[in-house]
Each structure stands twice: as C-alpha cells, then as structure tokens.
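**Q** My questions are about this predicted structure, shown below with the sequence.
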Amino acid sequence: MTDRIRDVWGARTPFAAGQPWPERTDRWLTVAEDQVERWVPGVCPLCSTGCGVDVAVAGGRIAGVRGRAGDPVNRGRLGPKGLHGWQAVTSASRLTRPLVRTGGELAPTDWDTALGLVTARSRQVIDEHGPLAMAFHTSGRLSAEEYYAQAVIAHGGIGTPHLDGSARLTATAGSALAESFGCDGPPGSYRDLDLCDTLFLAGHDPADTQTVLWSRVLDRLRGPDRPRLVVADPRVTATAREADLHLAPRPGTDLALLNALLHEILEHGWADQAFVAAHTTGLDGLAATVAGYDPGTAAGICGVRAEDIRAAARILGTAERLVSTVCQGVYQAHQATAAAVQVNNLHLLRGMIGRPGATVFQMNGRSSDRNARETGAGGSLPGFRNWRNPAHVREVAEAWNVPELRIPHWGPATPAPEILRHCEDGSVRFLWVTAANPAVSLPELHRVRSVLGQERLFLVVSDAFRTETAELADVVLPAAVWGEKTGCFTGADRTVHLSEKAADPPGEARPDFDVLLEYARRLDLRDRDGGPLPGWESPEDAWRDFTALTRGRPCDQSALTYERLRATGGVRWPCTDAAPEGTERLYTDHVFPTRPGVCESYGHDLATGARREPAAYRAEDPGGRARLRAAHHLPPHEPVDGTYPFQLVTGRTAYHGQTRAWTGRVPELARAAPDVWVQLSAEDAGPLGVSDGDLVRVVSRRGEIEAPAVCDGVRRGVVFVPYHYGYWDQAEPGRHTRAANEATGTEWDPVSKQPLPANSAVRVERIASAATALAHGLADSDRQTDAPPPGTLTGDVRHAETARPETRS
Amino acid sequence: MTGAGPAEATAALIAETHAAAVELAREFHRTAERQAADHGTHHPCRTLAAQCAAHAERLRAAAARHGRELSPPRAGDPLGGALDTVRHTASELRGRHASSGELLLRDLRRLFLAAQEVAVLELMLVQVAQAVRDGELLAEARALREETLGRIDWVRTRLADAAPQVLAVAG
C-alpha cells in the first residue's frame, strides 16, 4: 500500500459505468499482522462518508485498522485520517479522570463528586430559573444512541428546547432537503457515482474533505467512460483541478450562479416537462424568479464569465445521468439554504432523481450529523417529525410516556447559535457541551470565549481531551471514544454501521451514553407512570426504542437490529419488514413526503426564514409532489470596502478533522499539516508585497490571524484560512491569533440557522518575510523550519497526480 | 376623502400606504440597530429594511402614475447616522442584561403593528383597484401585499420563537 499521507487517494483502480468499484483493502498496523488478536467491525469516525473499518486489537489495545473490503461505502479503502487517526485513542494526553474547578484551576476528582456537582447545579437551575435555563450543546460525532439519550433527557425529561450542537454546522443539508422534498434524507446512494455520466460539485471539495469518496470519483474519471465534471468553488482545489469546467464565483453569490444555470435549463428546453408536470409544484414561481438571471447578469454578480455559465448549463442540461453534490462552500453563506435548494431544483427540472445514476447529495461535515438530526438532537423531533404537527408530537409523547406539554413544541428546537445568545443574555445558566469544541469551531471567538467563560454560566464539558472549551469549564468529564464503545453511525448516503467496542477506555473515562443515563437517574427523571426516563440500560435498548419510533416515517429503520447490522455490515435505511435488506434509493416512485400529515416542515421563506403557517401549507397541499422553491440573490451583510477589501472563507485540509483534538495528536497527520496558513491569489499578493512563506496578518472588524502566506489556489478577492487550528498545542495559548474564527462574524443562514464562518470582510498585512519569520520563530509554534510553508507541504505531490493537460480554471 | 373623486381618493390612498411603508422601513432599520447584539434579529431586520425601502419606491412609482409626486425619505441624514451608532453601541452594551429580551419583544410588537398597518392599506388598495378597474394598480397592489404578508410572517416567527425564553425563565 502506498503512503496515504503523500498519496492521499491511493493507487487508481479505474472502472466503467455500471461496473462494481474494485475492492482495495487499505491497512495500517503498529504491530505485525500475526500479532492481531481480533478484528472488531466499526466505522471510520473522521468524516461524513462513513467508511466500514475493522479495528485491530493486540494486547487488549487498539493497534491498527483496515478497510472492510465488502463494505458498500469504501470497498476496503481508507483515507489518511481513517488510516492514522485512530492513534489519538491511545494518546497519552487522553483525559482519564473527572476535573472540577476549584480556586480557579481544574483539579482531578472522582465521578461521584463530579456528577454530584453537575446534578446539584442542574436541580438548582431548574428550581430557580425553570427548564428553559438548561441547555445542551451536542456533537457531530456521538453515536445515534447517545444523541437519542440526550433527546429523551432534554426534550422528554427536563423539557427544554435547548439541545443542538455541531450538526448545526452543516444543518443546511437537512433544511435544503426538507424544503424541496418535505423531509430530510439523502435520496441517492454512493452507487450512483458509479453510474452517472455527469457530475456537478457545488461548494464541495471531496479531494480534501471526503478523500475516499473522491477516490471513487477519480476511478470513474480515469475509467473508459469518464463522466463530465463541473465544479463551482471560489478555490482552485484539487477537486477543481480535475474539472472539465471550473466556475469560481465570488463567495456569497452561489444563488445568482445557480439561478442563471436554471434560467438556461428552462430557456433551452432542457427541462423534463412531463416529470415537472407530474411530480413537482411551483414551476411558475421558479421560472419568474430565474427569468431575471440571464448569464450576463449573473456573470456580473458572480465574477465569472457568461460563456462559462452557458457552457456549464449545457453540460448539466444535456446530462443523461446526473449526480450533484453540495457542501460547505454553498452552506457557509448568507443564503445557504436558498442556494442549496437550487441544486435540488436542477434535479427536479431535469427529472434526475430516484433512478440509477441520477441524484443529489446534500453532504454533511461530521461522521454522525445525520444521526443527530434523525434522533431529535439536531432541530426536529425524532424520526424527522414535525413539531408543528400535533399528531407527530403526540406520537413522541406516547413513545416516551410523558405528557405532551412537557415536550417543548411551541417552537423549533433552539439552534446552537441561539443557545449561545441565551447564555450571553443570562437566561441560560447551565450548559453541557459533549464532544464539541465551540471555543474554536464557532464564529467570532472572542465573543464565544467571553460567553462561555461567564461566572453565572455553569459549564460542563465531556470530551476525550482537554480542549480549548474544556479550559473554560466548571466540570470536565473524561469520555470514552470510538473503539471504546458500541453504537450506530449513519453516513451521507444513509448507510448505517454498527461500531463495536474494541478496547477499554483509559483510566476512569466512560462512554457518554453511560454518563447521560446516570445523570438522568441522579436527576430522577420519570415518565408519566413514575418509571425511570429513559427506561433503558444499554445502547442496544436505546437503538431498539429509537428504531421503533421511526416506524412509518421516511427514515424507517424499524427492522434494523444490532443482529442484522452484525450479520451484514452497512445497511441503507429505510430498513423495514418489507425491505429488510435496506433501500438503495429513495423516491423511485417519484412520490415525495410533502403531504401535510407526513412532512417534516411546512417550509420557510428562503430569504428571511419566516415560517409558513400550517393552514397555508395545507391549502396548497403539494400532495406528494416535490416543491420547486425560488429566491432572489441578496448582497452579503458585510460587503468588502476600501479598509477590508477581501472576503475570508474557511475550510479543511485532508489531514485534519474539526478542531484537531484527534488529528493534531496523530504524528503523521500533525506533521503533514502542522500549522495554519493563509491562502490568497498571486494577483492580490503582488500589490501587497507578499510572497510565499511571508508572515501575514488577516484582520477583520472582530479579530485577527497571523500565519504564513501561500500565494495560490483561490480566486482574486478571496482569502482562505483552514479552520482546524486552535491553541491547545501552542506555547502561548492565551495569544489568540491562530484560529480562523478569530476573524469571522456572528451570522447564520435564516432558514437552516447554520452559522457562517465565512464571508467576513478582511484586509491582509505583511508582517515579515519568510526568511525573517523562520529566523526569529515569529510563527510561534512547532512548525518545521525545513519544510515549505504549510499547505504546500504535500501540495506538489498531490497535484502532480491529478495534473491533466485539459484541466482549466 | 369625502367629496374627492375616485382618482384623487386612489392617489391619496397610495400616498398613505407609502407613508406607512416608509415608516415600516424605518422601524426595521431602528430595530436592526437596537438589536445589534441579537444576531437572529439584527441581520434579518437589515434585509427587511432594504426590502421595505424598495417596496416604498414601487409605491412612489404607482403614485406618479396616478398623478402624485411623493418624495423619498431623506437618506444619509448625518444626525440619523449618529443616532444609529448610539443605538448600535447601546444595544451591544445592553446585550448581556436580562432586560434585553423585554426590549426585543417590545420592538417586535411594534414592528408587527407597523407591518399590519401597511397590509390593511394594501388590502384597501387591492379592493379599490378592482372597483375602478385599474388592472395595472391591481397587479402591483397584490404583489406588494404578498410581500408585506411575508414580512408579517417573519415578525410573527421571530416573536413566537423569542417570547418563551424572555417570559418563562425566572430572573
């Protein structure tokens, strides 16, 4: 096997449309293979793809991984994070004992003391301020069972609507699907990538963010019938370098670009009129809106050439089997849902959904964002139930055996950024953060730190490591992680895997599931008959309870038992008695879950987020047709000006996940991308006197970042900073000039409420030359001085592999 | 309006609607500045203030077609700008106090009433346009009223979401 750090996507295994993606088993062990005592099935926890993995155990410890050859998601492959990331589990810096703040310092204690304190404070806050003073900031990487326990405890036991978390950072995926199709749930499967003849990637850079998925695409691109590839992204990513056509719109203008593409589709008669007439509503409104976005007009708004828009529309308009993917490039904008919905519209206009090789993916960021939304810990009620539908609320109340009025359903579950606002205004007094690091991942960090650090807020943090957020906590609880606990994870194409326990957690660390259950017992949460709530003991009990609650819903998993998952590996929902093997694609009958009694949401105004009233929705009952939703482009709220002439966008590298709590502790990954960098275009760098490697400062109205410059890889007017880097590994952790979110502002999409750590107006100042910066160690970290600037470290190797004479930008 | 002919009455109604729309734009703008620390109110109110300003401009065009020149609200008033800064700063300072929630509800209630005022005037405009068989005015009045109802939807949504946290948490 080639080195997956230098060769991120591995050797090519080309294949043609309709052939199975060839298997290739990637493995990485720290012991000889014959020393492996057993292989424990699991799923890779480090991105949303959901690759099947076998975990090697030697001497009672995790000692390596290999991809599962038969798995439908990865066919044996693993990316750099998947192969190496597991080593964080065995890191010496794991938290092994609970910590309690005494005299300003976090000091070790025992579980009884720590949980006693958490419970006493919860009780006090509920008694003095009521249940709405209690809040939970959850994760994007817990198991389904852990999210479900949180949903039962917060919504059914305590009765607070404040349960949300990292999944909100890609919430636009669920919102866009619900606006168009009535309900969240990715319609297609990764198998559609094997079958398509055209690919459209909108704001999605799988080469960096979902490397195994990108391997699959590369193998199609190198196969005998290469699909056409259109990429829309302001960055010249490794993904974009492969494109037949790369559109690089100004950040925040995707909606105008997509409206123009739809304008061309309608103008040239590329719409499937029979499909649109039979299976959609809203064509007139969409046509009237996009009429104003001819390619010339959109070209002016987006800063791309009109002929490129026309060419892209022709490719998309003449595709016979079209797969589109949408991700953070579109979601991290002020009109995220409105733009993401237009890609759904493209598929509806062209009838490209619910059949082999024709689908749209609204992608996720984290390994279990999907589970947070399905279980009721990410905005909706469990099973994608609609909080405005009294029948849906009753179903949940009956399943939990609690009074309907205890379940907060006067409004949607509170989005994470609004929870932070309630902590700021003092109405929330207790916040429990599980497996998340908002002190680095949320925008406008000086504000986040000051809100979380308030005296009047009791902050509990459950994590495996002492994160930047844990440093602000009153109580820190050491958590077991992947490989040390059993639970289900669902990837971006609905494939559910059971991830089994392979080894014991270190010291006194415990699974969050066990801790949550003990918390519920200590708080004495009870159902209507006085029984304990939740009533279960094990993750399998919780899974059985949750899957029973999905019966009859679009995400029906009522026949998906641990037993079946153990016997077959990954299974795509719906998995029912009628379809016990799972379901490859949704909507094959072109009936969508939009009926008022079924739908997850009655919809929103895409420009403002205003909710449609139930009566208005019922009056226009879409009756199982998908909804074509339209919106006009609006300028961003913080336009560039003379003082702040650039737009900041943030994103990922292939080597790190989230805020590096895991990947930063893995030597191979830490070395591959050791520190933050700033990317700007060569045209913009020249007049600023900035060359590659120079130390620069990126300044916004809210904060600043210092990092070496890379003068390549983005369109003019754009500055890119990876968002992974925080302060736990810094010599001076109090010097806040490293995290990208120092410079970003507090704003969110009005529909999905996804925060926007992008589109801030910034300026760039040169601090020192590359030579001076290196000589004086001005970049204050463990950066390797013999290496080229971060970001270019492995860039040449990677791009050499993908360089093709016909690519253009 | 007694004694005036239908043409004058229609023009006067358009002028009254315009005045209400200008006031609504102002209310959205002021609320945006007063709620600078409440981002879920601040940013949508800025968007809606801009939409209302465009809305008022369309009413001015309709008035001109009915023989009446209406002047646009004064823009870039230096004193207004200074007041905005004061409101914005005061709001950020107040953002940490429990009273900020009550002020938010007060602002949203005021917005709701101001938007209702525009909506009822536009309802009257729709009715009059039909009675005097003015197809152009009817289409425009219907479109404008749809927009106003959308703004009311936003205020209702925000008020419904904000009220419980302000009123049901004991201080």
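**A** Structure received. Here the structure is a predicted model, which means the values were calculated and not measured.

**Q** So which bits of chain A are right by chain B?
**A** Within chain A, the positions lying close to chain B (C-beta under 8 Å from any C-beta of the partner chain) are A:128-130, A:132-133, A:161, A:334, A:410-412, A:417-418, A:421-422, A:424-427, A:605, A:607-613, A:634, A:637, A:746-748, A:750, A:753. Just so you know, the C-beta spots here come from the backbone N, C-alpha and C atoms, and that holds for glycine as well.

**Q** Which of those residues fall within helices?
**A** Judged by DSSP state H, helices contain the following of the residues of chain A next to chain B: A:128-129, A:417-418, A:421-422, A:424-425.

**Q** Neighbour-wise, give me the winner out of those residues.
**A** Counting by other C-beta atoms under 10 Å in any protein chain shown, residue A:418 has the largest number of neighbours within these, with 25 neighbours.

**Q** Quick one: residues contacting it.
**A** With contact set as C-beta atoms under 8 Å, 6 or more residues apart in numbering or on different chains, residue A:418 has these partners: A:753, B:40, B:161.

**Q** So among the residues of chain A next to chain B, which ones count as buried?
**A** Restricting the residues of chain A next to chain B to buried positions leaves A:129, A:132-133, A:161, A:334, A:411-412, A:417-418, A:421-422, A:424-427, A:605, A:607-612, A:634, A:637, A:746-748, A:750, A:753, with burial counted as 16 or more other C-beta atoms under 10 Å in any protein chain shown.

**Q** quick one on the thing from earlier: out of the contacts of residue A:418, who's nearest residue A:65?
**A** Ranking the contacts of residue A:418 by separation from residue A:65, with C-beta to C-beta as the measure, puts residue A:753 on top at 35.5 Å.

**Q** Disregarding residues adjacent in the polypeptide, which is nearest to that closest one?
**A** Sequence neighbours aside, residue A:415 is the residue nearest to residue A:753 in space, at 3.5 Å (criterion: C-beta to C-beta, 6 or more residues apart in numbering or on different chains).

**Q** to the chain's geometric centre, what's the distance from the helix or strand bottoming out on mean pLDDT in chain B?
**A** Within chain B, confidence by mean pLDDT, DSSP states H and E is lowest for helix B:78-94 among all helices and strands, at a mean of 70. Relative to the mean C-alpha coordinate of its chain, helix B:78-94 is positioned 20 Å out (C-alpha atoms, centre = their mean, to the nearest Å).

**Q** Mind exporting the C-alpha coordinates of it to PDB?
**A** Coordinates of the C-alpha atoms in helix B:78-94 are reproduced here as PDB (Å, rounded to 0.1, in the frame of the first residue of the first chain):
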ATOM      1  CA  PRO B  78     -25.800  62.700   9.400                       C
ATOM      2  CA  LEU B  79     -27.900  63.100  12.600                       C
ATOM      3  CA  GLY B  80     -29.700  59.800  11.800                       C
ATOM      4  CA  GLY B  81     -26.300  58.100  11.300                       C
ATOM      5  CA  ALA B  82     -25.100  59.300  14.700                       C
ATOM      6  CA  LEU B  83     -28.300  58.100  16.300                       C
ATOM      7  CA  ASP B  84     -27.800  54.700  14.600                       C
ATOM      8  CA  THR B  85     -24.300  54.500  16.100                       C
ATOM      9  CA  VAL B  86     -25.700  55.300  19.600                       C
ATOM     10  CA  ARG B  87     -28.400  52.700  19.300                       C
ATOM     11  CA  HIS B  88     -26.000  50.100  17.900                       C
ATOM     12  CA  THR B  89     -23.400  50.600  20.700                       C
ATOM     13  CA  ALA B  90     -26.100  50.800  23.400                       C
ATOM     14  CA  SER B  91     -27.600  47.600  22.200                       C
ATOM     15  CA  GLU B  92     -24.300  45.800  22.300                       C
ATOM     16  CA  LEU B  93     -23.600  47.000  25.800                       C
ATOM     17  CA  ARG B  94     -27.100  46.000  26.900                       C
END
